[in-house]
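Student: what's the 3D shape of this:
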Amino acid sequence: MVCVIVRRPVPSTGPSRSGRRGDTSATPTPEPPLAARTALGPTGTAADPTPYWPGHEVTVGDTTLHVRETPGPASETAVYVHGLGGSSNNWTELAGALSGRCRGLAVDLPGFGRTPPPASGDYRPFAHAATLTAYLDDLARRTGPVHLLGNSLGGAVSLLTAAARPDLVRTLTLVSPAMPDLRPLPSRLGGRRAALALLPFLGAAARAEQAAEAPHERLARTMALCHADPRRVGDRAFAMAAQEAEERAALAWAPEALHHSFLGLLGTWLTPSPRSLWTAAASVTAPTLVVWGEVDRLVGVSRAAHTAAALPAGRLLRLPGVGHVAQIERPQTVARAVLGLLDAAADGSWPAAGAPARPTGDDATLRHWRPRLPLGVARTVARAAVPV
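Tutor: From the prediction side, this is the model:
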């Protein structure tokens, strides 16, 4: 597969490096280097996927996180953060591809995978970021700063964490991060029926149909949204994911976690500039790789160049024929880009940015970006939550 690296800006309604919303003149960022294929660790195939890595529990404050560990050298640690509706399993192949360089730790955010819901009941991105920050803070006492990777919602959470605590993050990789994208397109929600389910009264029948779906049917619909071509998902990989979907469907708190996490994410998309994700991005100092599939149906590729430009040390890799979950669809290509980032950050050819202009204390920074969902936004929006 041929990778396409952006050399010119892509039109967008998001801000440029200057921070002016609607400015379409985002400055092109330097090309990210790609490591040799020979540097990759083992990965599975569509016909023979890698089994999910085993997990363990880690207590962080009043939360018990489920963390899956991929064995690797102890000298460097990568931490992976999944998207909305996802889990630590989403990083299995990428973590394997990077295992020759890094030990991998993939977390289940509170309310997802095998991590129980937070005692606070708070699922907003800044709350997820506070939990992740506490986990990394404890981890740093043993490993030092980590290479942090996030997809979609996990990308937004990782971005907030890296902005708040630059001392905990050596490099940052964002795969289709959930930057603000409020396009009212039915295709983003899985078609007209899913879009109809958003309506408070007229959508009752559509919501009932969704609730009656079996977990594997919902999974197939989700894959059709997230993957550029879901037919590339092998039967064994689908069976593994379906088993996880069945397990999650049996958890009473799973719908609430999805519902409130989606509302919280939507709040960050609607919040004004001083507390927006764009403001957070401008405070990230770590060398940052942004990876975006050109067939992303959930968070448009039009956000890609501006996201990379908003990050002081950001560079962009666009992948043709790839959707919203590049780390699943093209794990080897993404791994080569991540290893290229790690090598370039280590030799200084991809330097960190200067210190941010304002203080970056943990709690203070996360409170600064705490979004508030505007009054009048219907709670029914979250019933058709998409995996972002």
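Student: Give me the pLDDT value at residue 215.
Tutor: The score at residue 215 is 81. That number is its pLDDT.
Student: so who does it touch?
Tutor: 242, 245-246, 248-249 (C-beta atoms under 8 Å, 6 or more residues apart in numbering). C-beta: built from backbone N, CA, C; applies to glycine.
Student: Spatially nearest residue to it (excluding sequence neighbours)?
Tutor: Here the nearest residue to residue 215 in space, its sequence neighbours aside, is residue 245; by C-beta to C-beta, 6 or more residues apart in numbering that works out to 4.0 Å.
Student: what sits up against the host helix or strand of the one you found?
Tutor: Secondary-structure assignment from DSSP states H and E places residue 245 in helix 235-249. If you take C-beta under 8 Å, 6+ apart as the criterion, helix 235-249 is touched by 46-49, 51-52, 87, 89, 113, 215-216, 218-220, 223, 233, 254.
Student: In terms of helices and strands, where is residue 133?
Tutor: Residue-wise, residue 133 maps onto helix 125-143 under DSSP H and E.
Student: Just the buried subset of the contacts of residue 215, please.
Tutor: By the neighbour-count criterion of 16 or more other C-beta atoms under 10 Å, the contacts of residue 215 include these buried positions: 242, 245, 248.
Student: I'd like the residues you listed written out as TSV, with pLDDT added.
Tutor: Compiled in TSV, the buried ones among the contacts of residue 215 are given as follows (pLDDT from 0 to 100):
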residue	pLDDT
242	93
245	91
248	89
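Student: nearest to residue 81, of those residues?
Tutor: Using C-beta to C-beta, residue 248 comes nearest to residue 81 of the buried ones among the contacts of residue 215, at 17.5 Å.
Student: still on that earlier bit, buried ones in the helix holding residue 133, by neighbour count?
Tutor: Quick answer for helix 125-143 (16+ other C-beta under 10 Å): 125-136, 139-140, 143.
Student: quick one: the residue nearest the centre of the chain from residue 269, how far?
Tutor: By C-alpha atoms, centre = their mean, the mean C-alpha position of the chain lies nearest to residue 151, the distance being 1.9 Å. Here the distance between residue 151 and residue 269 works out to 17 Å (C-beta to C-beta, to the nearest Å).
Student: Go ahead and report the secondary structure state at residue 105.
Tutor: Using DSSP: H, G, I helix; E, B strand; the rest coil as the criterion, the local structure at residue 105 reads strand.
Student: Spit out the contact partners of it.
Tutor: For residue 105, the residues meeting the contact criterion (C-beta under 8 Å, 6+ apart) are 67-70, 77-80, 139, 146.
Student: Can you tell me how far it is from residue 141?
Tutor: For residue 105 relative to residue 141 (C-beta to C-beta), the value is 14 Å.
Student: for the protein, what spans make up the helices?
Tutor: When secondary structure is read from DSSP state H, the chain shows helices at 92-97, 125-143, 153-164, 192-196, 204-212, 215-226, 235-249, 254-270, 277-281, 304-310, 326-329, 331-347, 362-368.
Student: what would those look like in TSV with distance to residue 40?
Tutor: What follows is the helices of the chain, written out as TSV (distance: least, C-beta to C-beta, whole Å):
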stretch	distance to residue 40
helix 92-97	5
helix 125-143	22
helix 153-164	22
helix 192-196	37
helix 204-212	39
helix 215-226	23
helix 235-249	19
helix 254-270	32
helix 277-281	29
helix 304-310	24
helix 326-329	13
helix 331-347	6
helix 362-368	35
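Student: Now for residue 158: which residues touch it?
Tutor: Applying C-beta under 8 Å, 6+ apart to residue 158 gives the contacts 81, 129, 132, 148-150, 172, 174, 177.
Student: one step back: okay, the angle between the helix holding residue 133 and helix 254-270?
Tutor: Calculated by axes from the mean of the first three to the mean of the last three C-alpha atoms, to 10 degrees, helix 125-143 forms an angle of 100 degrees with helix 254-270.
Student: List the neighbours of helix 125-143 that are in contact with it.
Tutor: Helix 125-143 is touched from outside by 58, 60-61, 63, 65, 74, 77, 79, 81, 105, 107, 109-110, 118, 120, 146, 148, 153, 156-158, 160-161, 164-165, 167-169, 261, 264-265, 268, 362-363, 366-367, 369-371, with contacts defined as C-beta under 8 Å, 6+ apart.
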